[in-house]
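A.B. asks: Here you go, sequence then predicted model.
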Amino acid sequence: MDKTFKIYLAVLLGVIIVVFFIQKSRPKPVDWTPTYSLDNKNPLDLYVFNHEVDKIVPKGRLKRVTETPYEYICKNKSKVNFLIIKQNAYDYIDSTLLKEVSKGNNLWISAENYVKSFTDTLKLQYADADPSISLRKIDSIKLSLCMSSWHAKKFYLRPVLNSFTFTKMDSSVTAILGTTQMPDNVVYPNFIQIKYGRGYIYLHNQPQVFTNVTLLSDASSADYAAHILSYITHDKPVVWFVKGQTRNTGEPLNETILSVIFRYPALRATWLLFIYGMLLYILFNAKRRQRVVPVITPLKNTTVEFVQTIGNLYFLEGDIPNIVEKKIIYFLDRIRHRYYLDTGKLDDSFAEKLHSKSGKDKVLIESILLFINNFEKTKSARKVDLVKLNSLTEEFWKEENKTYN
């Protein structure tokens with residue numbers, strides 16, 4: 001681990017620690033989402049009620065079930081009281097549940113929203129009490145119960161989240177157990193009992209009375225909640241459907257380390273900062289620390305040295321005609337590659353073409369060609385002839401020897 005990496009790591013850890021303490025010291029924003037969770041302590045959750053409900057329902061008679069009503073009913077056939085406390089009761093109420101109520105079971109529901117097919121089956125009309133009233137302008141509503149033990153008592157619900165109520169019902173099978181008094185002093189039913197087959201259905205439309213903020217803000221709220229739940233008979237056990245409202249399902253939790261980290265905002269921010277920091281570190285180091293490119297020395301052109309060596313050998317042997325012949329071959333080969341001329345016939349026409357392309361002195365060209373043609377005829381040469389040929393060719397190439405090859 002080099003020094004630069006240690007510095008990066010130290011800075012990253014320092015930033016993580018600072019962010020952690022900032023997140024820890026910063027006040028956590030209040031979450032007013034109506035999740036009705038049994039595990040959370042947010043205002044509109046059921047943490048307090050979940051721990052106090054055993055004081056209302058006899059000990060051992062309440063069972064929390066994390067299955068759907070259909071799943072539970074398929075496995076159990078005993079007579080029970082079904083309990084549901086949610087914001088929306090859409091996915092809990094079906095024909096299977098109503099069929100069990102008709103057989104002698106009881107159903108107790110507190111929810112803000114009911115599916116229309118369910119209310120139509122019970123011959124109910126569930127609508128906004130006064131569409132002209134905005135919930136944001138309502139400070140509180142008064143809740144009352146019709147039972148004698150609640151006579152002259154009052155409970156004001158704050159804040160107001162639901163202005164819907166039961167506007168029409170079949171009076172032959174329906175009894176009003178509680179009411180809501182709106183700010184305009186008009187009273188609407190909000191808690192009713194319906195005879196359904198051999199059982200009863202209890203419908204309440206303000207589940208907010210069971211939330212943490214309500215139970216902890218007003219002493220009369222706990223009394224109100226206990227009274228409306230007292231309609232649940234004690235001759236049958238209570239099955240409370242809490243699917244989606246708690247993580248305590250009684251089954252082993254299938255959680256990973258990341259799921260635990262992302263559950264808490266501080267840990268989530270720390271983890272993301274770590275990941276982004278490592279990506280930046282890798283990115284900058286990839287640019288700054290490239291692999292060293294080795295220097296490859298180009299191959300040395302030893303052609304000239306080779307020719308010189310061979311020439312020296314011929315010279316020492318005294319084979320002057322052979323050296324002259326090799327120099328002529330080399331000269332003509334260079335002419336072909338440099339000026340693209342055919343050297344098969346070295347006549348006046350060739351001399352004119354070479355003069356035109358090379359720009360060399362015509363007399364010099366004619367002297368070289370004359371020497372070559374004479375040598376080709378006699379095949380004999382002396383040292384003086386070799387010196388002459390070398391002088392003529394050197395004079396011809398003296399301006400190009402710097403760049404050729």
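C.D. replies: Good, I have the coordinates. For clarity, every value in this text was computed on a predicted model and none was experimentally measured.

A.B. asks: Please, where are all the strands along the stretch 251-400 of the chain?
C.D. replies: Applying DSSP state E, counting those that start in this stretch to the stretch 251-400 of the chain gives no strands.

A.B. asks: where are the low-confidence patches of it?
C.D. replies: Residue ranges of the stretch 251-400 of the chain with pLDDT under 70: 251-260, 263, 286-292, 299-308, 310-318, 399-400.

A.B. asks: make it 80
C.D. replies: 251-270, 273-274, 277, 280-319, 399-400 (pLDDT under 80).

A.B. asks: Okay, helices next: where are they in it?
C.D. replies: 257-263, 265-288, 303-317, 320-339, 348-358, 362-378, 383-397 (DSSP state H, counting those that start in this stretch).

A.B. asks: Mind putting the ones you listed into JSON lines with mean neighbour count?
C.D. replies: Placement of C-beta: from N, CA and C, glycine included. Below are the helices of the stretch 251-400 of the chain laid out as JSON lines (neighbours: other C-beta atoms under 10 Å):
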{"stretch": "helix 257-263", "mean neighbour count": "11"}
{"stretch": "helix 265-288", "mean neighbour count": "13"}
{"stretch": "helix 303-317", "mean neighbour count": "12"}
{"stretch": "helix 320-339", "mean neighbour count": "16"}
{"stretch": "helix 348-358", "mean neighbour count": "14"}
{"stretch": "helix 362-378", "mean neighbour count": "15"}
{"stretch": "helix 383-397", "mean neighbour count": "15"}
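
A.B. asks: Including distance to Leu12, could those helices go into CSV?
C.D. replies: Output for the helices of the stretch 251-400 of the chain, formatted as CSV (distance: least, C-beta to C-beta, whole Å):
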stretch, distance to Leu12
helix 257-263, 17
helix 265-288, 5
helix 303-317, 60
helix 320-339, 64
helix 348-358, 71
helix 362-378, 78
helix 383-397, 68
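
A.B. asks: what residue is smack in the middle of this protein?
C.D. replies: Taking C-alpha atoms, centre = their mean, the centroid of the chain lies closest to Leu272, which sits 11.1 Å from it.

A.B. asks: The strand ranked longest in the chain pairs with which strands?
C.D. replies: Counting by DSSP state E, the longest strand found in the chain is strand 187-196. Strand 187-196 has the following strand partners under DSSP bridges: strand 174-181 (antiparallel), strand 199-204 (antiparallel).

A.B. asks: closest to Leu364 out of these?
C.D. replies: Among the strands paired with strand 187-196, strand 199-204 comes nearest to Leu364, with 121.5 Å by C-beta to C-beta.

A.B. asks: most neighbours per residue, which of the strands paired with strand 187-196?
C.D. replies: Most buried of the strands paired with strand 187-196 by mean neighbour count (mean count of other C-beta atoms under 10 Å) is strand 199-204; its value is a mean of 23.

A.B. asks: Following element in sequence after that one, please.
C.D. replies: Per DSSP states H and E, strand 199-204 leads on to helix 212-217 as the next helix or strand towards the C-terminus.

A.B. asks: Might one say that Val160 is in contact with Ala129?
C.D. replies: No. With contact defined as C-beta atoms under 8 Å, Val160 does not reach Ala129; the gap is 11.0 Å.

A.B. asks: how near is Val238 to Val57?
C.D. replies: 5 Å (C-beta to C-beta, to the nearest Å).

A.B. asks: Now list whatever residues contact both of those two.
C.D. replies: Common contacts of Val238 and Val57 (C-beta atoms under 8 Å, 6 or more residues apart in numbering): Ile232.
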